[in-house]
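Engineer: Let me see the structure of the following:
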Amino acid sequence: MGAVVRCLCVGVCLALLLPPAGAAPRVGASLLAAAPPAVERGPAGPPGPPSTLLMEVFTGQVLAESDAHRQIPPASLDKLMTLYLTLQSVKTHRLDLSTTVTVSVDAWRIGRTPRSSRMFLNVGDRVTIEQLLYGLMVASGNDAAETLAEAIAASPEQFVDEMNATAARLGLNDTHFVTPHGLPTPGEHTSAWDMGHLAREILAAFPDAVTYTSPRYVTYGGIRQANWNNLVFRDPRVDGLKTGFTDEAGFNIVATASQGPLRLIAVVMGAHTLQLRTASAEALLNMGFARYELVAVPWQRLVPSSIRVYGGRAARLRLETPRAIEVLVTRDDHSPLTVSEELRVRPIAPFQRGQQVATLTIRNATAVLATSPLLAAAPVDRSGILTRLWSLLRYRVGGLLRHRQTTWTATFVPQQ
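Structural biologist: Numbering: from 1, shown residues only. Here you go, the predicted model:
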């Protein structure tokens, strides 16, 4: 980890000294701005260097972190939880993307709070959930956040209760929400650690969430606004997720980027300037992509992908994993991996499709890199009574005559 920290420090210094890739974003908050409407306001946020975290999305492995549990006001990072609960409501059919809601006076007033980012909703506007999601994540609309809270729950206060209940369920122990939007409010706090894990939960449950976070611009009511996340202009790998700024919080960002199969999340919280936030996030992402790689494990060629079963209408049961098996390794690591399969049930029918039958484990010399259930790929019903009795007899006799194998192990050298 010392080498990782040194690499990160060098990356931050280089990012601060070198000009950014691509066109530099224009400073300013013009409604028709040609670049992100982020403004340097000088020293801000809590004292000390920013809190940071780098995470790989597929495995959830934390690759680097610095003071990641320090509690800091989230500012507009609140909107990540608002996004998550909205997408959940769509998935569970509480809402539909085409559902139309009416903008309230309270939501309009939130948008008119001094220094409040807004979608420019007006009282009585009829707007769809899909429009609100773009306004929430690209324009960072506090009015959009309040409108979504009113659409999902009986009141914004009840919505905040849902936010905190969900945070507790996800194990976000450094977090307490007070608003759905993040305008400065006493008692509200989170951490880089919690925001990284919330971002991973969003991307794992709703991979299409980046649809609402990646556009460079969004237009509503004839007003075109640029994405507050300046990294979507600077780095084509970046497609989300959210930034935030208040004097109390400093400059915050939860950035996600993908390169091939590898997707990373970089969190920077409490930076004193926009430049430092940008440089820190870029350095984290660049270090992660340069150092790590996801490797597919062809487990079907190494351990049994089907097992013999007894007392069923089929003689063999094919096994599958819920998703592809990939492990995260450093690019300079060519050491072999051990792939183990352990049978968890007796191979006697019936089996239901999706039933766990075995466990797959991938290790290197020092640690477990991945585990996965092995599931029945198809159902196997019981056979007729006579066939079943004969098959079970063979199973019992075979077990008495020889040791029945229940574990298989093989080695695999990643081809990078």
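Engineer: all contacts plus neighbour counts: C-alpha atoms, from now on.
Structural biologist: OK.
Engineer: buried ones in stretch 119-128?
Structural biologist: Using 16 or more other CA atoms under 10 Å as the test for burial, stretch 119-128 gives 119, 120, 121, 122, 127, 128.
Engineer: So for it, first residue to last residue, what's the gap.
Structural biologist: 13 Å (CA to CA, to the nearest Å).
Engineer: for the record, mean pLDDT for it?
Structural biologist: Per-residue pLDDT over stretch 119-128 has a mean of 98.
Engineer: again with stretch 285-297
Structural biologist: Here the mean pLDDT over stretch 285-297 is 96, rounded to a whole number.
Engineer: can you list the domains in this structure?
Structural biologist: The chain resolves into domains spanning 32-293, 297-412 when parsed by automatic domain parsing.
Engineer: how long is the last one end to end?
Structural biologist: Yep, that's domain 297-412 we're talking about. Taking CA to CA as the measure, domain 297-412 stretches 8 Å from start to finish.
Engineer: By mean pLDDT, show me the worst of the domains of the chain.
Structural biologist: Mean pLDDT is lowest for domain 297-412 among those, at a mean of 90.
Engineer: Now the phi/psi pair for the residue nearest the centre of the chain, please.
Structural biologist: By CA atoms, centre = their mean, the mean C-alpha position of the chain lies nearest to residue 200, the distance being 1.7 Å. Dihedral pair for residue 200: phi -60, psi -40, per degrees, to the nearest 10.
Engineer: Return the residues in contact with the residue nearest to it when sequence neighbours are not counted.
Structural biologist: On the basis of CA to CA, 6 or more residues apart in numbering, the spatially nearest residue to residue 200 that is not a chain neighbour turns out to be residue 57, at 5.7 Å. The contact partners of residue 57, by CA atoms under 8 Å, 6 or more residues apart in numbering, come to 200, 203, 204, 262, 263, 264, 265.
Engineer: ok so, going back, distance of the residue nearest to the centre of the chain relative to residue 83?
Structural biologist: With the distance defined as CA to CA, residue 200 ends up 13 Å from residue 83.
Engineer: mind saving the C-alpha coords of stretch 86-106 as PDB?
Structural biologist: Only the C-alpha atoms of stretch 86-106 are listed here, as PDB (Å, rounded to 0.1, in the frame of the first residue of the first chain):
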ATOM      1  CA  THR A  86     -35.900   7.100  -7.500                       C
ATOM      2  CA  LEU A  87     -34.500   4.300  -9.600                       C
ATOM      3  CA  GLN A  88     -35.700   1.800  -7.000                       C
ATOM      4  CA  SER A  89     -39.200   3.300  -7.200                       C
ATOM      5  CA  VAL A  90     -39.100   2.900 -10.900                       C
ATOM      6  CA  LYS A  91     -37.900  -0.700 -10.700                       C
ATOM      7  CA  THR A  92     -40.600  -1.600  -8.100                       C
ATOM      8  CA  HIS A  93     -43.300   0.300 -10.200                       C
ATOM      9  CA  ARG A  94     -44.100   2.900  -7.600                       C
ATOM     10  CA  LEU A  95     -43.300   5.300 -10.400                       C
ATOM     11  CA  ASP A  96     -42.600   5.100 -14.100                       C
ATOM     12  CA  LEU A  97     -40.100   7.200 -16.100                       C
ATOM     13  CA  SER A  98     -43.000   8.700 -17.900                       C
ATOM     14  CA  THR A  99     -44.900   9.500 -14.700                       C
ATOM     15  CA  THR A 100     -45.800  13.200 -14.700                       C
ATOM     16  CA  VAL A 101     -45.700  15.300 -11.500                       C
ATOM     17  CA  THR A 102     -46.600  18.900 -10.700                       C
ATOM     18  CA  VAL A 103     -44.000  21.200  -9.300                       C
ATOM     19  CA  SER A 104     -44.900  22.600  -5.900                       C
ATOM     20  CA  VAL A 105     -44.300  26.000  -4.400                       C
ATOM     21  CA  ASP A 106     -41.900  24.400  -1.900                       C
END
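Engineer: my read: residue 188 touches residue 74, true?
Structural biologist: Yes: judged on CA atoms under 8 Å, residue 188 makes contact with residue 74 at a distance of 7.3 Å.
Engineer: Tell me which of these two has more neighbours.
Structural biologist: Remark: of residue 188 and residue 74, residue 74 carries more neighbours, 33 against 19, as counted by other CA atoms under 10 Å.
Engineer: about what we covered before: please give me every residue in contact with the residue nearest to the centre of the chain.
Structural biologist: With contacts defined as CA under 8 Å, 6+ apart, the neighbours of residue 200 are 57, 60, 265.
Engineer: Please tabulate those in a markdown table, including the columns distance to residue 47.
Structural biologist: As requested, these are exported to a markdown table (distance: CA to CA, whole Å):
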| residue | distance to residue 47 |
| --- | --- |
| 57 | 30 |
| 60 | 29 |
| 265 | 24 |
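Engineer: quick one: which of those is nearest residue 347?
Structural biologist: residue 60 (32.9 Å; CA to CA).
Engineer: Check the gap between the nearest residue in space to residue 60 that is not next to it in sequence and residue 364 for me.
Structural biologist: With sequence-adjacent residues excluded and distances taken as CA to CA, 6+ apart, residue 60 is closest to residue 200, at 7.3 Å. Residue 200 sits 25 Å away from residue 364 when distances are taken as CA to CA.
Engineer: after the helix or strand containing residue 319, next one along is what?
Structural biologist: Taking DSSP states H and E as the definition, one finds residue 319 inside strand 316-320. Reading on from strand 316-320 to the C-terminus, the next helix or strand found by DSSP H and E is strand 326-330.
Engineer: which parts of that next one are buried?
Structural biologist: By neighbour count, and taking 16+ other CA under 10 Å as the criterion, the buried residues in strand 326-330 are 326, 327, 328, 329.
Engineer: same question, stretch 253-262
Structural biologist: Across stretch 253-262, burial judged by 16+ other CA under 10 Å covers 253, 254, 255, 256, 257, 258, 262.
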